[in-house]
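pasting a predicted model and its sequence here:
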Amino acid sequence: MGHDKLRKFAENETFACLLQPTAAQVLSKGYANLTDHPVKGHWIEQMFGGHEGDIILELGCGKGEYTLELARRNPDKNYIGVDIKGARLWRGAKTATQEGLRNVAFLRTRIEFITAFFAPGEVSQIWLTFSDPQLRASENKRLSSAMFLERYRSFLREDGVIHLKTDSRFLHEYTMAVARVNSLPILACTTDLYSDVLGQGTPPEGRNTRGSIAGGPSRREGGVSEANSRRGSTQPQDLPTEVREVKTFYETMFLEMGLPITYMEFKPFKEGPYVNPRDPEDFDSKHWRELEGTRRSFGHQN
Ligand SMILES: C[S@@+](CC[C@H](N)C(=O)[O-])C[C@H]1O[C@@H](n2cnc3c(N)ncnc32)[C@H](O)[C@@H]1O
């Protein structure tokens with residue numbers, strides 16, 4: 001391991017905002033029966049100094065720029081960036097420490113173990129930012145698959161929401177299909193977040209995409225209006241401004257390359273088990289994989 005990484009790992013031990021449980025702690029009873037961490041149900045007291053407020057997660061936060069900026073803008077809420085890479089988390093934890101941001105924490109863990117860290121109803125929102133679309137892997141590895149929604153349900157409030165921002169049309173359409181087959185309300189959706197006439201960006205292509213907003217009642221704020229629901233997209237004024245104003249590291253990179261960024265927000269809560277979309281009836285993986293082209297071959301491996 002390089003000297004710089006070792007230095008960062010050593011400094012990570014000193015950050016009060018960074019929680020780094022060992023895998024052995026979580027896995028002492030095996031993968032099928034994760035051991036709860038003492039912070040579960042106690043984030044406000046143990047990590048946020050008693051600062052009451054909604055808890056919002058960013059899963060796969062990388063260096064944590066998004067978590068940090070949301071926290072600066074919303075001091076009444078508490079933000080937790082989750083990632084497995086210690087050297088990346090170092091950047092976020094260092095900045096939070098230097099700026100004295102008391103509503104920011106970082107958790108170093110595999111997202112697969114997330115249920116060991118949060119109690120029922122403890123989290124109000126989840127951001128999935130530029131997650132690996134897992135084009136060829138089992139869909140159970142996608143962070144918006146039925147298996148992951150099942151995990152999130154164990155700690156998300158009933159009225160909680162998931163935001164997905166991605167450069168991967170494949171992952172966007174896959175997640176739309178997951179929402180559709182589980183009848184999950186989609187509150188906002190666009191296939192081109194930064195198009196000048198937002199909401200009229202790239203029209204959905206391929207199968208099962210037109211009018212694919214599932215059971216999406218319009219919201220007064222940040223919702224999909226009835227007309228847009230039919231078009232399958234959201235108008236800019238309907239989105240909270242921070243969705244466009246705050247950008248992640250990868251988002252900035254992809255925008256510089258001229259790639260469209262997609263965004264959706266949905267309510268994942270439902271009774272009964274989640275199901276994955278059938279391929280190709282509900283989600284034509286081959287079609288969307290081919291459309292994705294070669295540009296997916298970088299950026300998400302590490
Ligand atoms: C493409 S990067 C995006 C980083 C950041 N969200 C951004 O947009 O700049 C994906 C991040 O997810 C993390 N990641 C991927 N799979 C993970 C997993 N199963 N558990 C924890 N972190 C994971 C990686 O370490 C990486 O930092």
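Sure, I can see it.

switch to C-alpha atoms for all contacts and neighbour counts from now on
Noted.

do you have the strands of the protein handy? List them.
Under the criterion DSSP state E, strands of the chain are mapped to 18-19, 55-59, 78-83, 104-108, 123-129, 156-166, 186-190, 262-266.

most packed of those?
Per-residue neighbour counts averaged over each of those give the maximum for strand 186-190, namely a mean of 28 (mean count of other CA atoms under 10 Å).

which secondary structure elements does it contact?
Counting contacts by 3 or more CA pairs under 8 Å, 6 or more residues apart in numbering; DSSP states H and E, strand 186-190 packs against strand 262-266.

how about the strand it packs on and the ligand, touching?
No: interface with the ligand: strand 262-266 contributes nothing (CA under 6 Å from any ligand atom), its closest point being 12.6 Å away.

before we move on, the earlier item: mind putting the strands of the chain in a markdown table, distance to Glu69 and mean pLDDT included?
A markdown table is the format used below for the strands of the chain (distance: least, CA to CA, whole Å; pLDDT from 0 to 100):
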| stretch | distance to Glu69 | mean pLDDT |
| --- | --- | --- |
| strand 18-19 | 17 | 98 |
| strand 55-59 | 12 | 98 |
| strand 78-83 | 10 | 98 |
| strand 104-108 | 10 | 98 |
| strand 123-129 | 13 | 98 |
| strand 156-166 | 16 | 98 |
| strand 186-190 | 21 | 94 |
| strand 262-266 | 18 | 96 |
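
mind giving me JSON lines with those strands and columns for distance to Tyr274?
What follows is those, written out as JSON lines (distance: least, CA to CA, whole Å):
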{"stretch": "strand 18-19", "distance to Tyr274": "30"}
{"stretch": "strand 55-59", "distance to Tyr274": "20"}
{"stretch": "strand 78-83", "distance to Tyr274": "23"}
{"stretch": "strand 104-108", "distance to Tyr274": "26"}
{"stretch": "strand 123-129", "distance to Tyr274": "17"}
{"stretch": "strand 156-166", "distance to Tyr274": "15"}
{"stretch": "strand 186-190", "distance to Tyr274": "16"}
{"stretch": "strand 262-266", "distance to Tyr274": "14"}
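
among those, which is nearest Phe117?
Counting by CA to CA, Phe117 lies closest to strand 104-108 out of the strands of the chain; the figure is 9.2 Å.

hmm, stretch 117-134 in reach of the ligand?
Yes: judged by CA under 6 Å from any ligand atom, stretch 117-134 and the ligand are in contact via 129-132.

top of the residues you listed by neighbour count?
Phe130 (25 neighbours; other CA atoms under 10 Å).

what about the helices in this protein?
3-12, 23-26, 43-47, 65-73, 86-99, 146-153, 169-181, 226-231, 241-245, 249-256, 285-292 (DSSP state H).

quickly, which of those helices bottoms out on average pLDDT?
Least confident of these, judged by mean pLDDT, is helix 226-231 with a mean of 41.

any idea how far Tyr274 lies from Lys141?
Per CA to CA, to the nearest Å, Tyr274 is found 15 Å from Lys141.

the two: which is more packed in?
Between Tyr274 and Lys141, Tyr274 has the larger neighbour count (other CA under 10 Å), namely 20 against 17.
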